[in-house]
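Trainee: Output the structure for:
(one chain, ligands or ions: 2)
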Amino acid sequence: MLNEMNSLIHFQDVNFSYPNGTIALKEINLKINKGESIAVMGQNGAGKTTLVRMLNGLLRPTSGRVLIEGEDIITSTIGLLSKKVGIIFQNPMHQLFSNTVAEEIKFSLKSLDLSKEEVEEKTNTILNEYGFERYADRSPMNLSGGESKKLAIASIMCRDPDILVFDEPTLGQDANEIKIFLDMLEKESKKKKTIIMVTHNVEFAFEHVPRVVLMTNGRILADGPTNRLLTNETLVNRSSLILPQVFRLKLGLKTLGLEVPDNIIQKVDMVKFLSNYFETEKKEVN
Ligand SMILES: Nc1ncnc2c1ncn2[C@@H]1O[C@H](COP(=O)(O)OP(=O)(O)O)[C@@H](O)[C@H]1O
Ligand SMILES: [Mg+2]
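Mentor: Ligands and ions are numbered 1, 2, ... in the order given. So this is what the prediction gives:
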(Lines give C-alpha, C1' and ligand atoms only; values in the text may rest on other atoms or scores of the structure.)
(Ligands and ions follow the chains in the order given, each with its own letter.)
Protein backbone atom coordinates (compact mmCIF):
# COMPACT_ATOMS: atom_id res chain seq x y z
CA MET A 1 0.00 0.00 0.00
CA LEU A 2 2.79 2.35 0.94
CA ASN A 3 4.49 1.65 -2.37
CA GLU A 4 1.22 2.39 -4.15
CA MET A 5 1.01 5.77 -2.41
CA ASN A 6 4.61 6.59 -3.25
CA SER A 7 4.65 5.72 -6.90
CA LEU A 8 4.55 8.85 -8.99
CA ILE A 9 3.53 7.08 -12.19
CA HIS A 10 1.37 4.00 -12.27
CA PHE A 11 0.29 2.12 -15.41
CA GLN A 12 -2.55 -0.13 -14.29
CA ASP A 13 -3.57 -2.98 -16.65
CA VAL A 14 -3.09 -0.72 -19.65
CA ASN A 15 -4.06 -1.95 -23.10
CA PHE A 16 -3.86 0.21 -26.17
CA SER A 17 -4.86 -0.27 -29.81
CA TYR A 18 -4.36 2.27 -32.59
CA PRO A 19 -7.46 3.18 -34.63
CA ASN A 20 -6.28 0.86 -37.44
CA GLY A 21 -6.51 -2.07 -35.03
CA THR A 22 -2.80 -2.52 -34.23
CA ILE A 23 -2.53 -3.70 -30.64
CA ALA A 24 0.45 -1.73 -29.33
CA LEU A 25 0.24 -2.29 -25.55
CA LYS A 26 -0.95 -5.38 -23.70
CA GLU A 27 -1.60 -5.59 -19.96
CA ILE A 28 1.02 -3.06 -18.95
CA ASN A 29 1.58 -2.78 -15.19
CA LEU A 30 4.37 -0.47 -14.22
CA LYS A 31 5.17 1.74 -11.25
CA ILE A 32 7.78 4.45 -11.28
CA ASN A 33 8.75 6.36 -8.16
CA LYS A 34 9.63 10.02 -7.87
CA GLY A 35 13.30 10.63 -8.59
CA GLU A 36 13.88 7.33 -10.41
CA SER A 37 15.70 7.06 -13.73
CA ILE A 38 14.61 4.21 -15.98
CA ALA A 39 15.44 3.00 -19.47
CA VAL A 40 12.74 1.45 -21.66
CA MET A 41 14.31 -0.93 -24.16
CA GLY A 42 13.29 -3.53 -26.73
CA GLN A 43 13.11 -4.18 -30.46
CA ASN A 44 11.48 -1.83 -32.95
CA GLY A 45 7.72 -2.00 -32.76
CA ALA A 46 7.77 -3.31 -29.18
CA GLY A 47 5.54 -0.45 -28.00
CA LYS A 48 8.09 1.80 -26.28
CA THR A 49 7.04 5.05 -27.96
CA THR A 50 3.37 4.23 -27.48
CA LEU A 51 4.00 3.60 -23.78
CA VAL A 52 5.67 6.96 -23.19
CA ARG A 53 3.13 8.82 -25.34
CA MET A 54 0.46 7.70 -22.89
CA LEU A 55 2.01 10.13 -20.40
CA ASN A 56 1.01 13.37 -22.10
CA GLY A 57 -2.65 12.46 -22.32
CA LEU A 58 -2.79 12.58 -26.12
CA LEU A 59 -3.08 8.82 -26.34
CA ARG A 60 -5.61 7.29 -23.99
CA PRO A 61 -5.65 3.66 -22.88
CA THR A 62 -8.20 1.44 -24.64
CA SER A 63 -8.58 -0.14 -21.20
CA GLY A 64 -6.83 0.30 -17.88
CA ARG A 65 -5.57 3.52 -16.32
CA VAL A 66 -2.50 5.70 -16.17
CA LEU A 67 -2.14 7.47 -12.81
CA ILE A 68 0.17 10.34 -11.99
CA GLU A 69 0.39 11.16 -8.27
CA GLY A 70 -2.54 8.81 -7.75
CA GLU A 71 -4.80 10.60 -10.24
CA ASP A 72 -6.06 9.17 -13.48
CA ILE A 73 -4.60 11.40 -16.17
CA ILE A 74 -7.86 11.46 -18.13
CA THR A 75 -9.20 13.71 -15.37
CA SER A 76 -6.42 16.22 -16.13
CA THR A 77 -6.15 18.61 -19.07
CA ILE A 78 -3.39 18.47 -21.69
CA GLY A 79 -2.24 21.91 -20.45
CA LEU A 80 -1.90 20.81 -16.83
CA LEU A 81 -0.15 17.61 -17.84
CA SER A 82 2.36 19.53 -19.94
CA LYS A 83 3.55 21.29 -16.78
CA LYS A 84 4.15 17.95 -15.07
CA VAL A 85 5.42 15.85 -17.93
CA GLY A 86 7.91 16.93 -20.59
CA ILE A 87 8.33 14.59 -23.55
CA ILE A 88 11.18 15.01 -26.00
CA PHE A 89 10.29 12.99 -29.07
CA GLN A 90 12.58 10.94 -31.23
CA ASN A 91 12.31 13.30 -34.17
CA PRO A 92 12.64 16.86 -32.84
CA MET A 93 11.24 18.37 -36.04
CA HIS A 94 7.85 16.93 -35.08
CA GLN A 95 7.68 19.15 -32.04
CA LEU A 96 9.15 22.38 -33.41
CA PHE A 97 6.68 24.58 -35.21
CA SER A 98 7.47 28.25 -34.50
CA ASN A 99 9.02 30.69 -36.95
CA THR A 100 12.09 31.40 -34.85
CA VAL A 101 14.13 29.74 -32.13
CA ALA A 102 13.17 32.43 -29.58
CA GLU A 103 9.45 32.07 -30.40
CA GLU A 104 9.70 28.35 -29.86
CA ILE A 105 10.80 28.93 -26.26
CA LYS A 106 8.26 31.72 -25.71
CA PHE A 107 5.44 29.54 -26.96
CA SER A 108 6.45 26.77 -24.62
CA LEU A 109 6.46 29.17 -21.65
CA LYS A 110 2.90 30.35 -22.44
CA SER A 111 1.25 27.62 -20.37
CA LEU A 112 3.03 28.82 -17.23
CA ASP A 113 1.02 31.96 -16.29
CA LEU A 114 4.07 34.23 -16.43
CA SER A 115 3.97 37.97 -17.14
CA LYS A 116 5.22 39.24 -20.50
CA GLU A 117 8.41 40.51 -18.87
CA GLU A 118 9.01 37.21 -17.13
CA VAL A 119 8.58 35.34 -20.42
CA GLU A 120 11.14 37.67 -22.10
CA GLU A 121 13.60 37.25 -19.28
CA LYS A 122 13.23 33.49 -19.03
CA THR A 123 13.52 33.11 -22.82
CA ASN A 124 16.81 34.99 -22.81
CA THR A 125 18.13 32.91 -19.93
CA ILE A 126 17.26 29.67 -21.73
CA LEU A 127 18.73 30.87 -25.05
CA ASN A 128 21.98 31.66 -23.23
CA GLU A 129 22.02 28.47 -21.23
CA TYR A 130 21.64 26.34 -24.38
CA GLY A 131 24.00 28.44 -26.51
CA PHE A 132 21.26 29.75 -28.81
CA GLU A 133 21.89 33.52 -28.42
CA ARG A 134 23.17 33.89 -31.98
CA TYR A 135 20.35 31.75 -33.35
CA ALA A 136 17.45 33.51 -31.60
CA ASP A 137 15.92 34.78 -34.87
CA ARG A 138 16.75 31.79 -36.99
CA SER A 139 14.05 29.40 -38.18
CA PRO A 140 14.13 26.02 -36.40
CA MET A 141 14.03 24.54 -39.91
CA ASN A 142 17.55 25.81 -40.48
CA LEU A 143 19.20 24.08 -37.55
CA SER A 144 21.40 21.00 -37.74
CA GLY A 145 20.05 17.69 -36.41
CA GLY A 146 21.92 18.06 -33.12
CA GLU A 147 20.84 21.69 -32.71
CA SER A 148 17.18 20.95 -33.34
CA LYS A 149 17.32 18.15 -30.78
CA LYS A 150 18.87 20.63 -28.33
CA LEU A 151 16.11 23.17 -29.08
CA ALA A 152 13.43 20.53 -28.54
CA ILE A 153 15.04 19.75 -25.18
CA ALA A 154 15.32 23.47 -24.26
CA SER A 155 11.68 24.10 -25.18
CA ILE A 156 10.58 21.37 -22.76
CA MET A 157 13.12 22.00 -20.00
CA CYS A 158 12.17 25.69 -19.74
CA ARG A 159 8.86 24.57 -18.17
CA ASP A 160 10.83 22.62 -15.55
CA PRO A 161 8.53 19.56 -15.54
CA ASP A 162 8.92 16.96 -12.76
CA ILE A 163 8.79 14.05 -15.18
CA LEU A 164 11.17 14.01 -18.14
CA VAL A 165 10.69 11.59 -20.99
CA PHE A 166 13.24 11.15 -23.78
CA ASP A 167 12.49 9.00 -26.81
CA GLU A 168 15.82 7.78 -28.24
CA PRO A 169 17.87 10.73 -26.96
CA THR A 170 21.29 9.46 -28.00
CA LEU A 171 20.26 8.46 -31.52
CA GLY A 172 22.24 10.44 -34.10
CA GLN A 173 24.10 12.37 -31.37
CA ASP A 174 27.88 12.67 -31.52
CA ALA A 175 30.08 11.93 -28.48
CA ASN A 176 30.15 15.55 -27.39
CA GLU A 177 26.37 15.91 -27.62
CA ILE A 178 25.94 12.70 -25.60
CA LYS A 179 28.27 14.12 -22.96
CA ILE A 180 26.21 17.33 -22.76
CA PHE A 181 23.05 15.24 -22.50
CA LEU A 182 24.56 13.14 -19.71
CA ASP A 183 25.57 16.23 -17.73
CA MET A 184 22.03 17.54 -18.08
CA LEU A 185 20.58 14.20 -16.91
CA GLU A 186 22.83 14.18 -13.89
CA LYS A 187 21.82 17.72 -12.98
CA GLU A 188 18.10 16.91 -13.33
CA SER A 189 18.42 13.65 -11.44
CA LYS A 190 19.99 15.52 -8.51
CA LYS A 191 16.90 17.77 -8.52
CA LYS A 192 14.83 14.59 -7.90
CA LYS A 193 13.36 14.66 -11.39
CA THR A 194 11.89 11.42 -12.64
CA ILE A 195 13.53 10.42 -15.90
CA ILE A 196 12.27 7.91 -18.45
CA MET A 197 14.41 7.19 -21.49
CA VAL A 198 13.54 5.04 -24.46
CA THR A 199 16.83 3.79 -25.86
CA HIS A 200 18.59 1.09 -27.88
CA ASN A 201 21.92 2.21 -26.46
CA VAL A 202 22.97 -0.71 -24.23
CA GLU A 203 26.28 0.86 -23.17
CA PHE A 204 24.56 4.09 -22.21
CA ALA A 205 21.85 2.35 -20.17
CA PHE A 206 24.31 -0.07 -18.58
CA GLU A 207 26.57 2.69 -17.34
CA HIS A 208 24.12 5.43 -16.49
CA VAL A 209 20.63 4.12 -15.80
CA PRO A 210 19.90 1.97 -12.72
CA ARG A 211 16.59 0.40 -13.78
CA VAL A 212 15.47 -1.05 -17.09
CA VAL A 213 12.10 -2.09 -18.46
CA LEU A 214 12.39 -4.53 -21.37
CA MET A 215 9.48 -4.64 -23.79
CA THR A 216 8.53 -7.11 -26.49
CA ASN A 217 5.35 -7.30 -28.58
CA GLY A 218 3.50 -4.70 -26.55
CA ARG A 219 4.26 -6.40 -23.25
CA ILE A 220 6.75 -5.88 -20.44
CA LEU A 221 9.18 -8.77 -20.66
CA ALA A 222 11.21 -7.84 -17.58
CA ASP A 223 11.64 -4.96 -15.17
CA GLY A 224 14.56 -4.66 -12.77
CA PRO A 225 18.13 -3.52 -12.11
CA THR A 226 20.07 -2.78 -15.32
CA ASN A 227 23.09 -4.74 -14.06
CA ARG A 228 21.01 -7.87 -13.76
CA LEU A 229 18.73 -7.62 -16.80
CA LEU A 230 21.26 -6.50 -19.40
CA THR A 231 23.65 -9.30 -18.42
CA ASN A 232 20.97 -11.96 -18.87
CA GLU A 233 21.62 -13.49 -22.30
CA THR A 234 18.09 -14.85 -22.74
CA LEU A 235 16.43 -11.52 -21.98
CA VAL A 236 18.94 -9.58 -24.04
CA ASN A 237 18.40 -11.86 -27.06
CA ARG A 238 14.62 -11.72 -26.76
CA SER A 239 14.84 -7.92 -26.76
CA SER A 240 17.08 -7.82 -29.87
CA LEU A 241 19.83 -6.14 -27.85
CA ILE A 242 23.46 -7.12 -27.35
CA LEU A 243 25.25 -7.77 -24.08
CA PRO A 244 27.28 -4.82 -22.75
CA GLN A 245 30.94 -4.71 -23.87
CA VAL A 246 32.37 -5.33 -20.39
CA PHE A 247 30.18 -8.34 -19.96
CA ARG A 248 31.21 -9.78 -23.33
CA LEU A 249 34.83 -9.22 -22.40
CA LYS A 250 34.21 -11.06 -19.13
CA LEU A 251 32.77 -14.05 -21.00
CA GLY A 252 35.71 -13.97 -23.41
CA LEU A 253 38.23 -13.95 -20.56
CA LYS A 254 36.41 -16.84 -18.92
CA THR A 255 36.88 -19.01 -21.99
CA LEU A 256 40.61 -18.21 -21.71
CA GLY A 257 40.55 -19.44 -18.11
CA LEU A 258 40.52 -16.06 -16.39
CA GLU A 259 37.60 -15.83 -13.96
CA VAL A 260 36.54 -12.24 -13.42
CA PRO A 261 34.68 -11.85 -10.09
CA ASP A 262 30.92 -11.30 -10.26
CA ASN A 263 31.12 -7.85 -8.69
CA ILE A 264 33.17 -6.52 -11.62
CA ILE A 265 30.39 -5.07 -13.71
CA GLN A 266 31.31 -1.57 -14.85
CA LYS A 267 34.16 -0.52 -17.14
CA VAL A 268 36.13 1.29 -14.43
CA ASP A 269 36.10 -1.82 -12.21
CA MET A 270 37.20 -4.01 -15.11
CA VAL A 271 40.13 -1.69 -15.89
CA LYS A 272 41.21 -1.80 -12.22
CA PHE A 273 40.85 -5.57 -12.11
CA LEU A 274 42.89 -6.09 -15.27
CA SER A 275 45.64 -3.67 -14.24
CA ASN A 276 45.94 -5.42 -10.84
CA TYR A 277 46.00 -8.75 -12.62
CA PHE A 278 48.83 -7.72 -14.94
CA GLU A 279 50.78 -6.17 -12.03
CA THR A 280 50.61 -9.49 -10.16
CA GLU A 281 51.60 -11.41 -13.31
CA LYS A 282 54.62 -9.13 -13.77
CA LYS A 283 55.76 -9.66 -10.19
CA GLU A 284 55.40 -13.41 -10.55
CA VAL A 285 57.50 -13.42 -13.75
CA ASN A 286 60.25 -11.35 -12.12
N1 LIG B 1 0.10 5.95 -35.41
C2 LIG B 1 0.08 4.62 -35.48
N3 LIG B 1 -0.95 3.97 -36.07
C4 LIG B 1 -0.99 2.62 -36.14
N5 LIG B 1 -0.05 1.81 -35.63
C6 LIG B 1 1.00 2.38 -35.03
C7 LIG B 1 1.13 3.81 -34.92
N8 LIG B 1 2.28 4.09 -34.27
C9 LIG B 1 2.83 2.89 -33.98
N10 LIG B 1 2.06 1.88 -34.42
C11 LIG B 1 2.34 0.43 -34.26
O12 LIG B 1 2.28 0.13 -32.86
C13 LIG B 1 3.29 -0.80 -32.51
C14 LIG B 1 4.20 -0.18 -31.46
O15 LIG B 1 4.89 0.91 -32.04
P16 LIG B 1 5.86 1.87 -31.22
O17 LIG B 1 5.21 2.18 -29.93
O18 LIG B 1 6.22 2.99 -32.11
O19 LIG B 1 7.09 0.90 -30.98
P20 LIG B 1 8.62 1.23 -30.63
O21 LIG B 1 8.71 2.63 -30.16
O22 LIG B 1 8.98 0.23 -29.57
O23 LIG B 1 9.42 0.99 -31.88
C24 LIG B 1 4.01 -1.16 -33.80
O25 LIG B 1 3.41 -2.33 -34.30
C26 LIG B 1 3.73 0.03 -34.71
O27 LIG B 1 3.74 -0.36 -36.05
MG1 LIG C 1 9.85 4.27 -30.90
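
Trainee: Now name the helix or strand holding the nearest residue to Glu133 once chain neighbours are set aside.
Mentor: Closest residue to Glu133 apart from its sequence neighbours, by Cβ to Cβ, 6 or more residues apart in numbering: Leu127 at 5.4 Å. C-beta: built from backbone N, CA, C; applies to glycine. Applying DSSP states H and E as the criterion places Leu127 in helix 116-129.

Trainee: Need the contact partners of that helix.
Mentor: 101-102, 105-106, 109-110, 114, 132-133, 135-136, 154, 157-158 (Cβ atoms under 8 Å, 6 or more residues apart in numbering).

Trainee: roughly how far apart are Glu279 and Lys272?
Mentor: 11 Å (Cβ to Cβ, to the nearest Å).

Trainee: and Pro161, that's in a helix?
Mentor: No: assessed with DSSP: H, G, I helix; E, B strand; the rest coil, Pro161 is coil; it does not lie in a helix.

Trainee: quick one: contacts for it?
Mentor: Shown in contact with Pro161 (Cβ under 8 Å, 6+ apart): 82-86, 193.

Trainee: what does Ile264 give?
Mentor: Here Ile264 is in contact with 246, 250, 270, 273 (Cβ under 8 Å, 6+ apart).

Trainee: where exactly do the helices run in the stretch 151-286 of the chain?
Mentor: 175-190, 202-208, 226-229, 233-238, 245-255, 267-285 (DSSP state H, counting those that start in this stretch).

Trainee: What of the stretch 1-150 of the chain?
Mentor: For the stretch 1-150 of the chain, the helices defined by DSSP H, counting those that start in this stretch cover 2-6, 48-53, 78-84, 101-109, 116-129, 145-157.

Trainee: Of all these, which one is nearest Thr234?
Mentor: Relative to Thr234, the nearest member of the helices of the stretch 1-150 of the chain by Cβ to Cβ is helix 48-53, separated by 19.8 Å.

Trainee: which residues touch that closest one?
Mentor: So helix 48-53 is in contact with 11, 16, 24-25, 28, 40-42, 59, 87, 90, 165, 167, 196, 198, 215, 218, going by Cβ under 8 Å, 6+ apart.

Trainee: Please compute how far that helix lies from its chain's middle.
Mentor: 11 Å (Cα atoms, centre = their mean, to the nearest Å).

Trainee: Could you check that helix against ligand 1 for contacts?
Mentor: Yes: counting by Cβ under 6 Å from any ligand atom, contacts between helix 48-53 and ligand 1 involve 48-50.

Trainee: Show me which residues of the protein sit near ligand 1.
Mentor: 18, 20, 22, 24, 42, 44-50.

Trainee: now the residues you listed in TSV, with neighbour count?
Mentor: TSV is the format used below for these (neighbours: other Cβ atoms under 10 Å):
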residue	neighbour count
Tyr18	11
Asn20	5
Thr22	12
Ala24	21
Gly42	26
Asn44	8
Gly45	14
Ala46	24
Gly47	22
Lys48	27
Thr49	19
Thr50	20
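
Trainee: Nearest the geometric middle of this protein, what residue?
Mentor: Centroid check for the chain by Cα atoms, centre = their mean gives Met197 as the closest residue, at 1.3 Å.

Trainee: How much space separates Leu174 from Lys149?
Mentor: For the record, residue 174 is Asp, not Leu. Distance of Asp174 to Lys149, given as Cβ to Cβ: 11 Å.

Trainee: quick one, which of those two is more surrounded?
Mentor: Using other Cβ atoms under 10 Å as the criterion, Asp174 and Lys149 rank with Lys149 on top: 27 against 11.

Trainee: If we ignore the residues flanking it in sequence, what's nearest the more buried one?
Mentor: Lys149's closest residue in space is Pro92 (Cβ to Cβ, 6+ apart), at 4.7 Å.

Trainee: Thought Leu151 was touching the one you found, still the case?
Mentor: Yes: applying Cβ atoms under 8 Å as the test, Pro92 and Leu151 come out as touching, 6.9 Å apart.

Trainee: So which of these two has more stuff around it?
Mentor: Taking other Cβ under 10 Å, Pro92 and Leu151 do not tie; Leu151 has more neighbours (25 against 21).

Trainee: Good, we can wrap up now.
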